[in-house]
Structures are given as structure tokens and as C-alpha cells.
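> coords please:
(3 chains)
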Amino acid sequence: MKRTTTETQPLLEIDTLSASIHSKTLLDQISIQISAGEIVALTGESGSGKSMTALAVMGLLPNQVDVDGGIRMDGQDLLTLSETEMCDIRGRDIGMVFQEPMTALNPVRTIGDQVAETIRVHTKASRSDALARAAEVLTRVGLPQDRFPLGRYPHELSGGQRQRVVIAMAIALRPRLLIADEPTTALDVTTQAQILDLLRDLSQTEGMAVMMITHDLAVVSDMADKIAVMKSGEIVEQAPTRQLFANMTHPYTRDLFEASRHQANMPDPIKAPALLQVQSVSCDYPLPRPHPFAKRPAFRAVRDVSFELQEGERVGLVGESGCGKSTLTRAILGLSETTTGTILFDGTPVFSHGHPNPDVQRQVQVVFQDPYGSFNPRHRVRRLITEPFHLLPNPPTGAARDSAIAKALSDVGLSPEDADKFPHAFSGGQRQRLAIARALIIRPKLIVFDEAVSALDVRVRAQILDLMAGLCRQYGLAYLFISHDLSVVRSITDRVLVMQRGEIVEQGATEQIFQSPTHTYTQSLIAAAPQLPELGDPNAA
Amino acid sequence: MFAYLTKRLIALCLSLAIASLVIFLVVEVAPGDPASYMLGINAQPDTIAALRSELGLDVPKHQRYLNWVGGMLVGDFGTSYTYRSPVSDMVADRLWISLPLAIMALCLSTIIAIPAGVLAASRRGKMADAGVMTATQLGVAIPNFWFAMLLVALFAIKLRWFPSGGFPGWDNPVKALIALTLPAVALALPQAAILTRVMRSSLIDILGEDFMRTARAKGLTRRQALWRHGLRNALIPVLTIIGLQFSFLLAGAIIIEQVFYLPGLGRLVFQSISQRDLIVVESVVMLLVFAVITVNFIVDLTYALADPRLRRSA
Amino acid sequence: MNRNLIVGLVLTCLFIAAACVSFVWTPENTESMNISARLQPPDAVNWLGTDHFGRDLLSMVMVGARTSIAVALVAVGIGMGFGVPLGLAAAAAQGGMLDELISRLNDLIFAFPSLVIAILITAVFGAGAINAIIAIGVFNIPVFARLSRGAALSLWQREFILAARTAGKSATRISVEHILPNIANLLIVQGTIQFSLGILAEAGLSYVGLGAQPPLPSWGRMLADAQTMVSLAPHVAIVPGMAIVLMVLGLNLLGDGLRDALDPRLQVRRA
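Residues are numbered from 1 along each chain as shown, chains lettered A, B, ... in the order given. The predicted structure follows:
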């Protein structure tokens, strides 16, 4: 059963909605219509006003925000309703799912209790009736009672399971509209695919209208009936999905689309001797003692991992959260010791006698994920990017130092004058450039990118990927690219290692792995990753 | 839960052991020999020696420590040097004033602070919030013994509603409670100011949490969300402060007892200090430390009850 | 701009200035007694009135500020001087033996009823300003140790610290270069709070006769002296009491104001 095309009246009609705070415009003349059973996606980069639109529909905008225009549900204008009337609508007629499942649930109350609450707030159902219905709904979202009894607390569930609980809370009363605000952004790809399937299924079988908010075009490309692209509070383009991908009218949409599937142009790999050798490495994590006299148990985060990385080679290390890739990264950087096995760089151990080896550290630099947390907010760029000079026996001083700073900054596309600014003067993408400048300044042979583009908007991400390609060409750098996102790794690496539960389950040339993955885990990862349709492909959507 | 309990219990015993050792050592290094102090400067050396052995002062230090701790474990706190009566009896008499006082003050401060904190947090930035916050700024700044003096001047001397000091005994419970009212208020109000601020900021933190937004999305009103989801989470840090406050209240009681001439533990301590009756000082301080450590232990347990995350892990 | 900061700064500076001026000048000599002019209410000569020995209360309050501020300030110094390095070391050890040891010691000192122990210390070693400083200072150590450990621990997880580690810097160097400047705000704010608590504790100790000894005037003992005369001459109790309240209030407002002014989130907005 697809949507009822005969229906003329849309369920939700957002009509020239504007919002502003202290005369700063947040939303500008937004108009969207959603019919029953229809999935409409709102997409755009961070700060484009997607979530703001969702909160406006829910009537949950902060008090200081001035709203203008109309939000009609079944012809009734929600903006004219009192707070009490809105409370009746929220949870009963409109359900909402949020981005961060880890914090969206009250930690001190059971999941059954929290799902039943939606029912008890709106109906006169008794506690036991509400709990019975909660059990039904939880089963419906894939949390059967035999494995997930009502008495579970949120901290006993994984992120994906918690998101199912949040969805259960939102759909407990079969609302006609479900708003999902980045519902899968915080989840691993395989979990993401399951949650998307669930949402699609709910929309189809319950005839629920879904407003889906996401920054990721690929996520909605094969699920939304209609896509609205937002940029700085405006809808720049809105069309049925198939039509939108076949014929993008607005340049911004095209930019987003191109950036989402951007392929950086990497130089051909050079055949060279092994630079980094990871030899049957295992790493243990101490766990809390079960009782005070017990021996401290350990969790084996990395199990017997071996691989090599040649000079000038780009290798991707891919796996979902908790697979051990961060632990392995720390060991490679010499930040922690391995439990067994050795890591050699140019034949020298990375970590020996309880200390990282400075000669190795000089050759290996790192770029981290968070463009905001990567810099000491109290230091100027000059001081920040020269920090690795600490590793040199005779760091350059005076004019030599200044020219090194200027060179590093211009290498990453920033200006030498930026040296005297503080990090907060830069945008997220620029900070990531700064982080690369810091890694580059002592001319390492290997740069480790630890989720280095995961926090960036797609267009910025495309630029940073191009920069990495250019630097690789210029300096013959080797890259170790750690990511949870297969698609990013595809364009920029020669070889990929897939990690699951502490082990490397598959490794090989990138294209080969993408074309014909042999391990079932790799296959499921690739299958779960949302794909953008080809431009103009009539089978899209 | 079992692991958490044993861990806390071991920590409790260790704390008590170290505390007793510290207190013993501090008192040990005190100058002056109790026996010669009691007998005056003209005493004969052999009388002093006899008294020393009677008081158990002639055995080696470590032996004395063990005797003291061992005695306390079976409820024997030793014999007062000055009064030659069991310390446990003296302490028990005084405890009947100090403990009710501290408990009254704790209840009073909690009863005032939690609603005030909730009010301020839920009306954040409005008049009610500003009023509560100004009151707490003052409350935190007022020394409780001065506040006590002002209370006496107003309610006891001027209005004659309450006695200005002294304690009539528990034979007449109403009179006894009336005598403890002003001291309890004096103790409670500054503590209530601190607790109100903690309650307010804890609740404001919780109100900004994602799950509060989830609750609103379910259709709960602001008030429903606050009571059903905010309060219990916000109370978790407040519990810790209530536990810590017990120690302040016991110590504060010692000073407040001076203002109201209450024959509680505080007066006992000061009397014993001036008479160099160190065994009494030692035992009273140990008792107070025991009370504080135990209360904090109980708070840790309630913590585990309030927060399901602690029940399984840790 | 920040009203708390201004009011707090003005009050605090006022008392510090009064304490400094008292070294060279007071309206009257605090050691000279004038029994005939005792318990005078405030007038044109004695702005705040006189006490039971006929001493000028304004002069007494000025000299008393000296004692209070000195005791509280040195006690904060002791707390920071020992507590911050301990906290930083514990955080740098990250779950190692040292961290465990320091944290347990902290918990232990926290569990002691501080004022009771202060009373014990001053009782055993004798009453006096020095012993009061030690007694108050010792209990400031775990406050600063716990604060700096907690703040440092979360900083150690930040990526800029990881970056410094990959630049081969030692834990000590990272603590001094990256951690300390980033927790300085917190320490300053806590410092003013502990300063105000120190003033209150000193007043309490000298009220029960265990603080600064005569003839050195102190606010707490002025209150103890005034206790029997509250009904006769209320100003004798009100003046030193208000001095304590205003000083503590000033420091607390200063702390709140500094917290807002130094908040990096607010700074970014201003930049």
C-alpha cells in the first residue's frame, strides 16, 4: 500500500513559516506539505534550519523565538493553539524521534515505564493496560519481551536498541505524523539500515506521515517520497525524490550531491618498502573488578592484528564503534603499549621500555576527528601548529621557524597571517586544515587520520579530501585512514582493512573489496551503507 | 550491587581505622601529662605514677591505641580523667541534645531548600528566581553563630517567644523541642541556602538534558516533565550535599551550643579541652567522625537506589 | 556589564584596603581603652560606636579584617599549593596507583567533619592564628585536589592533549602547559569561594576562643564579647557581624562574577 494519491488535503501543511530570534532570521518562508503515508525528507548542512523546522511543528521552540506563518495539521493551525492544546497533540498526533539515543531516555526509569507514559498522559488507560500496550509497541519496533522485558533500564541497551525505544515512545499512540530528527546519525551503518527499514515499514503499514530530517542525502535517497533541500533557513529546492535526482535545478543541491559522492583524485601508489609493520598485536583493556578481591579482568580490544603499510601508501581501517580501531590507533601512535606483539616503524619499535620512541613519533603525525577539541583554546595558531617541533632535537627558531609556519599554513590553503589568530576564529573546516598543518610541519612520513572528516559537512569534507590528495601528491605521504564510513575511505585509499570485534576480518585492494567483498561482515557493511543514485538515473528513488 | 556494597563497606572500615589513628596521634602529641595536670604541681612522683597506671597511661603507646579502639568496639570509651566516670555515659547524655539538634536542622534545611530550589529553577531568570538567589547569597554569607545571636536578641529577649538558652531536659518534650527550635533554625538557614543553590543548578542542568525534550515531545506539560523526569535525576547530586551537610551541622552544632548554653557534645568538648581530659576529647571527636562517615556511607547506598546505573556496574 | 563582578570587586577591595590602611592608620588606637565612653552608639566621633572597653569599633573592624583576610588567604594558598599539584598528578596518572592513593586520601579528608578537626587541632596545639590557618588550610587541600583532578581528567580525554602527546611531550609538561591554563578559571573561582569559607571558619574559631588571641582584634571574638551585651547595645554585635557578612558576600559575588566573565563559552561569543 503506497500513499493515498486521491487525498487532496495534505496532513501537514507548513505555509510560509518564518522564525527569528532577536531579529536574526532562522527560518525564511518555509512551505512544505506532507500527506498521510508519505515520507518527506528535509536535508541540508548544519545550521540550515532543518531541526528548527521540526521543533516549530512540535511547538517546542524556545520562547524567545518569534514565529510567523502557518503550520496546519488537518486544516487546524498549530501556531494558534494554546500550550495545553499543544500538549494534547504532542505524542498523540505527532510523535518525534531525536538524534542522540544515548541521552534521549531518562536514565533512572525503565523503558516500559517510559513507553507507557506516552499512553497514560493522553488516555485514561490503567497502568497495567498501558504497560501491556507498551510491550506490544516495543515488540513492534523489534524489542521482543523475551529478550527486552519492560523492566530494563536504558543503560542496559545499545544505541540502536535505545533508538528503538524512543521510536516506540513516539508511535505508541499511532500518531499520524512522525518527525525523525537525524534518527540514525549517531548509529553505526548496519544499525542505521535497520532503523531506516523500521521507519519505512511504519510509514507503509500504519499509513504514518514521516518528516525525516537528515544531513545525509544518501540516507533518504531510496526512502523519501519527496525531498526539500534547505540552506540558511530557506528551502532552495523541493521535489519528489526521483525528479529531484533526475533534474536538480538549484546549484546548491547539485553542490551537495556532488560533494556527497566526491572522489578525491589520488596519485598512483608507489611501490616501496614497508614503513609500518603491525605484527600480531593484541591490546587489553582493564575492566572494573567484579568484587574487591578478584583479579582485575581484561577486555581484549584488539586481537592478534597484523598488517603492513608501505611508504606512500594510503590504507583505510574501517569498522563500527567498539571494534577496536581506536585502541589500535593509540598503539600505533605510541600513546599506549600493546599487550602482545610489536609495532615497527622503519624497523624501529614504536614503543619500547615504557616510552614512545621519539624518533618514530617524528615520522608519524595524527589528525583527529573533532575540529573544536583538537586545539588548546588559549594558544595562538603559531604555537599550536609548531607543537610537534618538540620532537626535533634542534627545532628551528627565528626566521626559519616563521617560514616553516608560513609554509605549513599555505600548504593547507590558509594564509601565513593566520598564525597570530586564536583557534576560535576559524570554522570547522579551517580548523581541520590547521590540524593538518600541525601534522605536516615536521614533514612526517605517515599521517594518521582518525575520523578526520566525520564531523564535517559534505561540501567541506570534499574540500578536505582534495587537500589530502594534493598533499599526498606533493610530499609522497603515507596515510592511515581510520573511519566508520566506508564510502569516505573508498575514494582516498589504495587498500582497506575491515575490523570487527578486535580482529581484521578482511583486507585487500579498495576497489576489489567494494566490488567483491568475501567476508559476510564486509558484505553487510557495504549493503547497509546508503547509496546515492546516479544522476538522471530513472530508477532512482 | 553486592560488589558495590562490599567495596563501600571496606572503604568505610578503612576510613574509620585511619581516622582513629590520626585522632589518637594528634591527641598523643599534645603537651602535658593528664595525671600531673589533675594532681596539681605539688603532687608526689609516686602518686602521679599510681594515677598514671590507674588511668592506663603507663603502657606503651601502641598498646594504648589498641586498648582504646578495642574498648570503643564494645562500647567502652574509657574513663574520664576528671570525673572518673565512664565516657560513654557522659557522651550518651550529651548526645540526646546534639543529635536531635542536628537532625532537626537537617530536616528543616531540606524542607526549605528543595521547594525553593525547584521554584528558582522552574522560574529561571524571572522574579521568583532572582528573589531566591538573592536570599541564598545572603544566607551563605551569614555566620550561623551570629545569626543565632540575632535570633536570641529578637525572639528571646525582645519578643520572649523562646528561651534565650539552656536546656530543660527531655522530661517535658514540648519544652525541650521549644528550647531546640532557635538553635535548629540558626543552624539550618545557612545550610538551606547552600542546598537551595545546589538544587537549583542541578535541576537546571537536568532541564537541559535531551530526555526532558523527549518527555515534552510525548505531550507532557512543562510541569509534568519537571516532576516526573527532572526531580528524581536532580536529587542525585543533592543527596551528596545533604550527606556532607550532616558533618557541617554536627560541627556547627558545637559552636551553636555555645551561643545557647546547651549542654551538648560541643560543651563537653570545650570543657574537656580546658581540663585536659583528653580521653573525652578523643572519644567525642571519634564519635563525630564515625557519625559523619556512616552518614556518607548511607548516602552512597541511597545513591545506588536512586540511580539504576550504579546498581549493576561499579 | 557584569553586576555581580562589580559589586563583589568593590566590597572585596574595600575590606582589603581597610586592612592595609589599618597598618599605618586607624581612627583610634585599638589598644587604648576608654571605659567612660563604653558601649556608645554610632555618632560623629565613633562612626560605628564603641565596645564594652570604649574602643572604637571602626578601628577594631579594620584591624580585625587584617586577621580574617590573612588567615583565609594563607589557608587558600595552602589548599592550592598542595591540592592543585596533587590533583594534576592524580589526573596524569589516570587510574594508576598514584591516582588511587590521592583520591582515597581526598575522600578520607572529606569525610572528616572539618570544623571539629580544626577545633581538635587548635585545642591540642594551642589556640592562635597560625594553628587556625593550618587547620583551615588542610581542609582546603582536598577541595582543590578534587577540583583540579576532575577538570584535568576530562581535559586529558580531549584531542588537543592527545596531539600534545603525539608531539612527545611529557605528562608533567602537558599538565603545566596545557592543563593548568585551562583550569585556571575554575581554580580562581573556587579560590574566592574557599576564601569566603575561610573567613567564616576563622570567625567561628575565634568566636569559640580558638582563633587569633588577644590583644589582636578579630571579628569572631568581637562577636563573642558582644554576646552578653546584645540587648544593651545591639550595635556591638551588628557591626562585626555585618563586616563578616559583607566580606563573605563580596567574595561570593566576585566568584560568581568571575565565573561568568571567564566562561570560555561566553568569551567565544564576544570574540
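> count of neighbours near A:Ser415?
Residue crowding around A:Ser415 was assessed by other Cβ atoms under 10 Å in any protein chain shown; the count is 10. Glycine gets a C-beta too; all of them are placed from N, C-alpha and C.
> wait, it sits on A:Leu409?
Yes: using Cβ atoms under 8 Å, A:Ser415 is in contact with A:Leu409, at 6.5 Å.
> give me the three-state assignment for the residue in the stretch 1-150 of chain C that chain B sits nearest to.
Nearest residue of the stretch 1-150 of chain C to chain B: C:Leu115, at 3.5 Å (Cβ to the nearest Cβ). The three-state assignment at C:Leu115 reads helix, by DSSP: H, G, I helix; E, B strand; the rest coil.
> does it touch B:Leu249 like I think?
No: the pair C:Leu115 / B:Leu249 is not scored as a contact, 10.3 Å apart, by Cβ under 8 Å.
> once you drop chain neighbours, what's closest to the spatially most central residue of chain A?
Taking Cα atoms, centre = their mean as the criterion, A:Thr185 is the residue nearest the geometric centre of chain A, at 4.9 Å. Excluding its sequence neighbours, the residue lying closest to A:Thr185 (Cβ to Cβ, 6 or more residues apart in numbering or on different chains) is A:Gln99, at 5.3 Å.
> could you list which residues are in contact with the one you found?
Residues near A:Gln99 by Cβ atoms under 8 Å, 6 or more residues apart in numbering or on different chains: A:Asp181, A:Glu182, A:Pro183, A:Thr185, A:Ala186.
> from those, list the buried ones, please.
Neighbour counting by 16 or more other Cβ atoms under 10 Å in any protein chain shown classes A:Asp181, A:Glu182, A:Pro183, A:Ala186 among the contacts of A:Gln99 as buried.
> next, the residue in chain B that chain A sits nearest to: secondary structure please.
Proximity of chain B to chain A (Cβ to the nearest Cβ) peaks at B:Gly219, 3.2 Å away. Using three-state DSSP, the structure places B:Gly219 in coil.
> contact residues of the stretch 301-450 of chain A facing chain C?
A:333-335, A:356, A:358, A:361-362, A:364-366, A:368-370, A:373-378, A:387-391, A:422, A:424-425, A:435, A:438 (Cβ under 8 Å from any Cβ of the partner chain).
> sorry, back to before: confirm that the residue nearest to the centre of chain A sits in a strand.
No: A:Thr185: not assigned to a strand; according to three-state DSSP it is coil.
> residue in the stretch 151-300 of chain B nearest to chain C?
Proximity of the stretch 151-300 of chain B to chain C (Cβ to the nearest Cβ) peaks at B:Ala251, 3.5 Å away.
> and that residue, what does it touch?
Contacts for B:Ala251 (Cβ under 8 Å, 6+ apart) come out as B:Leu288, C:Pro113, C:Ser114, C:Leu115, C:Val116, C:Ile119.
> redo these as JSON lines? Include pLDDT, neighbour count and distance to chain A.
Listed next are these as JSON lines, based on pLDDT from 0 to 100; neighbours: other Cβ atoms under 10 Å in any protein chain shown; distance: Cβ to the nearest Cβ, whole Å:
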{"residue": "B:Leu288", "pLDDT": "83", "neighbour count": "27", "distance to chain A": "28"}
{"residue": "C:Pro113", "pLDDT": "72", "neighbour count": "25", "distance to chain A": "27"}
{"residue": "C:Ser114", "pLDDT": "73", "neighbour count": "22", "distance to chain A": "28"}
{"residue": "C:Leu115", "pLDDT": "74", "neighbour count": "25", "distance to chain A": "32"}
{"residue": "C:Val116", "pLDDT": "76", "neighbour count": "26", "distance to chain A": "30"}
{"residue": "C:Ile119", "pLDDT": "75", "neighbour count": "27", "distance to chain A": "35"}
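> can you name the two of those residues that sit furthest apart?
For the contacts of B:Ala251, the maximum inter-member distance is 11.1 Å, found between B:Leu288 and C:Ser114 (Cβ to Cβ).
> any regions of chain B where pLDDT drops low?
Scanning chain B with the threshold set as pLDDT under 70 gives B:1, B:30-34, B:38, B:41, B:310-314.
> domains in it, by residue range?
B:2-73, B:90-274 (automatic domain parsing).
> what about the helices in chain B?
B:2-28, B:34-39, B:45-55, B:61-73, B:87-122, B:127-141, B:144-151, B:173-207, B:210-217, B:222-225, B:231-260, B:265-274, B:278-306, B:308-312 (DSSP state H).
> dump those to TSV, plus distance to C:Leu210.
Formatted as TSV, those follow (distance: least, Cβ to Cβ, whole Å):
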stretch	distance to C:Leu210
helix B:2-28	14
helix B:34-39	19
helix B:45-55	26
helix B:61-73	24
helix B:87-122	19
helix B:127-141	22
helix B:144-151	13
helix B:173-207	19
helix B:210-217	48
helix B:222-225	49
helix B:231-260	10
helix B:265-274	9
helix B:278-306	13
helix B:308-312	40
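> and the strands in the stretch 51-200 of chain C?
In the stretch 51-200 of chain C, no strands are defined using DSSP state E, counting those that start in this stretch.
> mind listing what the closest residue to chain A within it touches?
Nearest to chain A, among the residues of the stretch 51-200 of chain C, is C:Glu159, at 4.0 Å (Cβ to the nearest Cβ). Taking Cβ under 8 Å, 6+ apart, we find C:Glu159 in contact with A:Phe368, A:Gln369, A:Asp370, A:Gly373, A:Ser374.
> whichever of those residues end up buried, select them in PyMOL.
Buried residues among the contacts of C:Glu159 (16+ other Cβ under 10 Å), as a PyMOL selection:
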select buried, chain A and resi 368+369+370+373+374
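> how about the contacts of C:Glu159 in JSON lines, adding pLDDT?
Below are the contacts of C:Glu159 laid out as JSON lines (pLDDT from 0 to 100):
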{"residue": "A:Phe368", "pLDDT": "89"}
{"residue": "A:Gln369", "pLDDT": "85"}
{"residue": "A:Asp370", "pLDDT": "81"}
{"residue": "A:Gly373", "pLDDT": "82"}
{"residue": "A:Ser374", "pLDDT": "85"}
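> out of the contacts of C:Glu159, which are inside helices?
Per DSSP H, the contacts of C:Glu159 never map to helices.
> ok, of the contacts of C:Glu159, which one's closest to B:Thr134?
A:Gly373 (37.4 Å).
> around chain B, pick out the residues from chain A.
Counting by Cβ under 8 Å from any Cβ, chain A sits next to chain B at A:58, A:60, A:83-84, A:87-92, A:95-96, A:98, A:100, A:103-109, A:117-118, A:121-122, A:153, A:155-156, A:166, A:169-170, A:288-292.
> show the buried residues in the residues you listed.
A:58, A:87, A:89-92, A:95-96, A:98, A:100, A:103-109, A:117-118, A:121-122, A:153, A:155-156, A:166, A:169-170.
> from those residues, which land in strands?
A:Gly95, A:Met96 (DSSP state E).
> among the contacts of C:Glu159, find me the one that's closest to A:Gly233.
Using Cβ to Cβ, A:Asp370 is the member of the contacts of C:Glu159 that lies nearest A:Gly233, at 26.1 Å.
> and the end-to-end length of stretch A:358-367?
18 Å (Cα to Cα, to the nearest Å).
> hmm, who's touching that stretch?
A:276, A:329, A:332-334, A:345-346, A:348-350, A:374, A:388, A:391-392, A:432, A:435-436, A:438-440, A:442, A:444-450, A:452, C:162-163, C:166-168.
> quick check: buried residues in that stretch?
A:Val360, A:Gln361, A:Arg362, A:Gln363, A:Val364, A:Gln365, A:Val366, A:Val367.
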